[in-house]
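Chemist: The sequence and its predicted three-dimensional model are supplied below.
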Amino acid sequence: MNVFKSFDAFLNSCVTYIDTRVKTGKFIYDIDYYSSRAIRFIRKKSRKVYFFLKRSPGTAIVVDALEYFWNLLMKIPIANIAIKMIGETLRIIVICYSEIFIVFAITFPASILLLTWFQTSIVTFCIALIPTLTINLIALSALFYSIDRRELGDKISIWKSILFVIRHLGSIIFPIIIESAIILEALIIFFLIPLFLSRIFDIYNIAWGGSIFYWFVVSFVASLTAICIFTVSVLTPQTYFSILIDHLPFHKALQSNTAYIKSKLSYYLFFYLILYIACAIFTIQEVLTYLYFGLTVGLYITIILSFLLGFLLRKKLHPIKEPYAYNFDSNEKIHIFFKALVVFGFINFILVSTLLVKEYKPFLSFIQQQQDNYLASQRVKTYVNYTYGYSLEYPQNWSFYQWQSNSVTFYNNYTRTLSGGTWMTITIQPLSESESNFDRLSNASPGVVPDDTGSKNITTKVSNMTIQGYQAVNYLFIKPSIPYTEYESHYLILKQGDIYDISFTSVTNDVASYNSDLFQKIINSFRFTR
């Protein structure tokens, strides 16, 4: 009884406090009072703890030991530079957080927009790729230029930095254009050589799949390609920053930075290898989990971190010097070799874009199937619906949302909403509401089912089947809509007067072809619990 009385008194005091303090606004003074008391208490106790630790012999020993190991660590050149770069990164984030946020708000949505076009309109993606990447590069260049000018005492805004970059865009982005062209050409050569060798082996009826010579050549070319891409990715940021910040012409920036990197080669190799290995592991994991979005995020983070690392290494390893008296607007003569690289790179981009447009669906099918296999091999979670008495297994990285008591949706996409990716919905309706549709599909022959309503939707019956001993129908449904078409694969199950509709939906491709293994595994796990 005492417990109930105490609880009742507590509730009455809460009601009284709300009436006398909250409704009148006086609770603000209470907050100020108690927060001041808390601050005084923390300060008082922290002083006591500080003086206690200061006078304690054990504390002195621990501090001396930490200081000794810290000094020992700082004597290691690579560790010294790494710690200083971490501190420099934190300082940049604190000082330039607003500029960083603005640049992120420009570049990341632009990258996601490219991803959306890649999934829904490959032609638009190929056309918009170069302009979108140029916009991202302008914003990123403005950020680094603003950071450098701020360190020199000139608090230039990010918008003025963007105007500066736009005025001198041709000179600033030229190293990036060269890098992109070299990487694209190196990858094309890497794919052409194995293809050419396999054709030669086929002509002479030699099995190239188990040939040591074939795989030796492929491995050798792959190694050269990786070395080429790695070298360019290390050299390009330094050349780019020399043009952007030091105002050096391209040839002079390339020569000077080549010499700097050679003199500090061990540092560059160590830091860039660590960065790319970490980014590769992260990107692979994200691709296997979120596919296109994972690849976009992985590449975005890799590019940003590689340029940030180049900027930090430049500050820590390169000698400080005054900006070169170079006029951006002067017509600097570019060597014919670099012009040829740019021209061939652009031609290769057009050829690759054309090939991608023609082979878009098989390409997506292959990639989607790889993710399917990965998700199907992973551990799964079990969903149980006690109201309607069923359960099923779904991939552990999927999420679900209970719309109504008779409808639940599982989704796997980058936004964790129903606006992209792939999702599965289970809806239960009485047979009286779905009887005509179920009977129509059940009695129809496999193939396109006529629709007398004049709708542009396309319904294609796959087959009649049984699930858990109950009559079922599998059919496909294509729903043209704006901004993208929805592709659905439905399984209708008739059980004791109810229709269980399990639908798999995607906005990027034909789910029946590309996701069949994963969806079939989910259907096979479906169980009625009562």
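Modeler: Cool, got the structure.
Chemist: name the helices or strands packed onto the helix or strand that Leu254 is a member of?
Modeler: In this assignment (DSSP states H and E), Leu254 forms part of helix 250-263. Under the contact criterion of 3 or more Cβ pairs under 8 Å, 6 or more residues apart in numbering; DSSP states H and E, helix 250-263 touches helix 169-203, helix 212-244. In this view, the C-beta of every residue, glycine as well, is placed from N, C-alpha and C.
Chemist: Apply 7 Å and report the result again.
Modeler: helix 212-244 (3 or more Cβ pairs under 7 Å, 6 or more residues apart in numbering; DSSP states H and E).
Chemist: and the angle for the helix it packs on with helix 169-203?
Modeler: 180 degrees (axes from the mean of the first three to the mean of the last three Cα atoms, to 10 degrees).
Chemist: Only the buried residues of helix 212-244, if you could.
Modeler: The neighbour-count check on helix 212-244 (16 or more other Cβ atoms under 10 Å) flags 214, 218, 221, 225, 228-229, 232-244 as buried.
Chemist: Going along the chain, name the strands of the chain.
Modeler: Secondary structure of the chain by DSSP state E: the strands cover 380-385, 390-395, 399-404, 407-412, 422-430, 447-449, 458-467, 470-479, 486-495, 498-506, 527-528.
Chemist: Show residues contacting the last one.
Modeler: With contacts defined as Cβ atoms under 7 Å, 6 or more residues apart in numbering, strand 527-528 is touched by Gly389, Tyr390, Ser391, Gln468, Lys495.
Chemist: residues contacting the second one?
Modeler: Contact partners of Tyr390, counting by Cβ under 7 Å, 6+ apart, are Tyr500, Phe526, Arg527, Phe528, Thr529.
Chemist: thinking again about what came up before, what's the closest of the strands of the chain to Ala259?
Modeler: Checking these against Ala259 by Cβ to Cβ gives strand 407-412 as the closest, at 49.7 Å.
Chemist: Mind listing residues that contact the closest one?
Modeler: 385, 394-395, 397-403, 418, 421-427.
Chemist: Quick one: buried ones out of these?
Modeler: Members of the contacts of strand 407-412 classed as buried by 16+ other Cβ under 10 Å are Asn385, Tyr394, Pro395, Trp398, Phe400, Gly421, Thr422, Trp423, Met424, Thr425, Ile426, Thr427.
Chemist: I'd like to know which helix or strand in the chain has the lowest mean pLDDT.
Modeler: Across the helices and strands of the chain, the lowest-confidence element by mean pLDDT, DSSP states H and E is helix 511-514, at a mean of 54.
Chemist: Now do the same contact list for Phe526.
Modeler: Applying Cβ under 7 Å, 6+ apart to Phe526 gives the contacts Tyr390, Leu392, Ile467, Gln468, Ile502.
Chemist: Just give me the least confident of those residues.
Modeler: Ranked by pLDDT, the contacts of Phe526 bottom out at Gln468, which scores 83.
Chemist: What about the nearest residue to that residue once chain neighbours are set aside, how many residues nearby?
Modeler: Closest residue in space to Gln468, ignoring its immediate chain neighbours: Phe528 at 5.3 Å, by Cβ to Cβ, 6 or more residues apart in numbering. Neighbour count of Phe528, defined by other Cβ atoms under 10 Å: 16.
Chemist: what bridges to Phe528?
Modeler: When bridges are called by DSSP bridges, Phe528 pairs up with Tyr390.
Chemist: got a pLDDT number for it?
Modeler: Looking at Phe528, its pLDDT stands at 88.
Chemist: returning to what we had before: list just the nearest of the contacts of Tyr390 to Lys45.
Modeler: Taking these together and measuring to Lys45 by Cβ to Cβ, the closest member is Thr529, at 56.3 Å.
Chemist: ok, now which ones touch that closest one?
Modeler: So Thr529 contacts Val384, Gly389, Tyr390, Ser391 (Cβ under 7 Å, 6+ apart).
Chemist: try Val297
Modeler: Remark: with contacts taken as Cβ under 7 Å, 6+ apart, Val297 is in contact with Glu286.
Chemist: Number the residues from 54 up from this point.
Modeler: Renumbered: residue one is now 54, and that last one reads Val350.
Chemist: I'd guessed Asn450 sits against Leu344; true?
Modeler: No. Counting by Cβ atoms under 7 Å, Leu344 is not a contact partner of Asn450; they are 11.1 Å apart.
Chemist: Compare the strands of the chain and give me the one nearest Ile92.
Modeler: That would be strand 452-457 among those, by Cβ to Cβ, at 41.2 Å.
Chemist: Show me the contact partners of that closest one.
Modeler: Strand 452-457 is contacted from outside by Tyr436, Val461, Thr462, Phe463, Tyr464, Arg469, using Cβ under 7 Å, 6+ apart.
Chemist: Make TSV out of the residues you listed and add pLDDT.
Modeler: Below are those laid out as TSV (pLDDT from 0 to 100):
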residue	pLDDT
Tyr436	89
Val461	89
Thr462	88
Phe463	85
Tyr464	78
Arg469	43
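Chemist: Make a markdown table out of those residues and add distance to Leu237 and neighbour count.
Modeler: Output for the contacts of strand 452-457, formatted as a markdown table (distance: Cβ to Cβ, whole Å; neighbours: other Cβ atoms under 10 Å):
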| residue | distance to Leu237 | neighbour count |
| --- | --- | --- |
| Tyr436 | 45 | 16 |
| Val461 | 45 | 18 |
| Thr462 | 40 | 17 |
| Phe463 | 39 | 20 |
| Tyr464 | 35 | 20 |
| Arg469 | 33 | 13 |
